[in-house]
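Q: Give me coordinates for this.
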Amino acid sequence: MVPSTAASALTVLPASGEDFDLLGRLLQLYFYDFSEYTGDDVDDEGSFHYAWLDTYRHEQDRYAYVVRVDGHPAGFALVRQGDPTQMAEFFVLRKYRRDGVGRRTARLLFDAHVGSWSVTQLATNPEATSFWRRAIPVPFDETVHADGKVEQTFSIEPA
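A: Numbers count the residues shown, from 1 in each chain. All right, here's what the predicted structure looks like:
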């Protein structure tokens, strides 16, 4: 369990059971926002497809988290534990952006998964790169890869 900050209404908890239905719906909003950068289209039924959601329910090295503000769903994070641990997907509803929800969520997750980390963004999404540069609480290395991705690598030490 990732602890919430006592002074705020933010909670970041591991997904379980019915939370995966919620995650599926939030993923639709995430991919809708993200389609601006990827050019992805919905399928014939009007939905985006994320092939790996079920793996977060069953695989030990994958963690799904639901972000809530005042008890309301506000976003999610999908984390792949490894060397390095990767922020696979990260989403905060537009309503909660610019209020520190994303930064506080990221930092709670970093503290919950100490060790080496990798966070990547599309080079076409400079807002995401700017966000991660502010959210990562320690010095990091940044690489722009030939495939158009920007990657920050860093290490989080135990508190």
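
Q: before we move on, what SS does the residue in the chain sticking out farthest from the centre have?
A: Note on the chain: the largest C-alpha distance from the chain mean falls to residue 44, namely 26.9 Å (C-alpha atoms, centre = their mean). When the structure is reduced to helix, strand and coil (DSSP: H, G, I helix; E, B strand; the rest coil), residue 44 reads as coil.

Q: With just CA atoms, put the host helix or strand of residue 88 into CSV.
A: Element membership of residue 88 [criterion: DSSP states H and E] is strand 85-92. Output of strand 85-92 as CSV, limited to C-alpha atoms (Å, rounded to 0.1, in the frame of the first residue of the first chain):
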residue,chain,number,x,y,z
THR,A,85,11.4,0.0,-12.4
GLN,A,86,9.4,1.7,-15.1
MET,A,87,6.4,4.0,-15.0
ALA,A,88,4.5,2.3,-17.7
GLU,A,89,1.5,4.6,-17.8
PHE,A,90,0.6,7.6,-15.7
PHE,A,91,-2.6,9.7,-15.9
VAL,A,92,-4.2,12.5,-13.9
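
Q: Dump whichever helix or strand comes after that strand to PDB, restricted to CA.
A: Moving toward the C-terminus from strand 85-92, the first helix or strand encountered (DSSP H and E) is helix 101-112. Extracted in PDB, the C-alpha atoms of helix 101-112 (Å, rounded to 0.1, in the frame of the first residue of the first chain):
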ATOM      1  CA  VAL A 101      -1.700  15.800  -7.600                       C
ATOM      2  CA  GLY A 102       0.500  14.300 -10.300                       C
ATOM      3  CA  ARG A 103       3.700  15.300  -8.600                       C
ATOM      4  CA  ARG A 104       2.600  14.100  -5.200                       C
ATOM      5  CA  THR A 105       1.400  10.800  -6.700                       C
ATOM      6  CA  ALA A 106       4.700  10.300  -8.600                       C
ATOM      7  CA  ARG A 107       6.700  10.900  -5.400                       C
ATOM      8  CA  LEU A 108       4.500   8.500  -3.400                       C
ATOM      9  CA  LEU A 109       5.100   5.800  -6.000                       C
ATOM     10  CA  PHE A 110       8.800   6.400  -6.200                       C
ATOM     11  CA  ASP A 111       9.100   6.000  -2.400                       C
ATOM     12  CA  ALA A 112       7.000   2.800  -2.600                       C
END
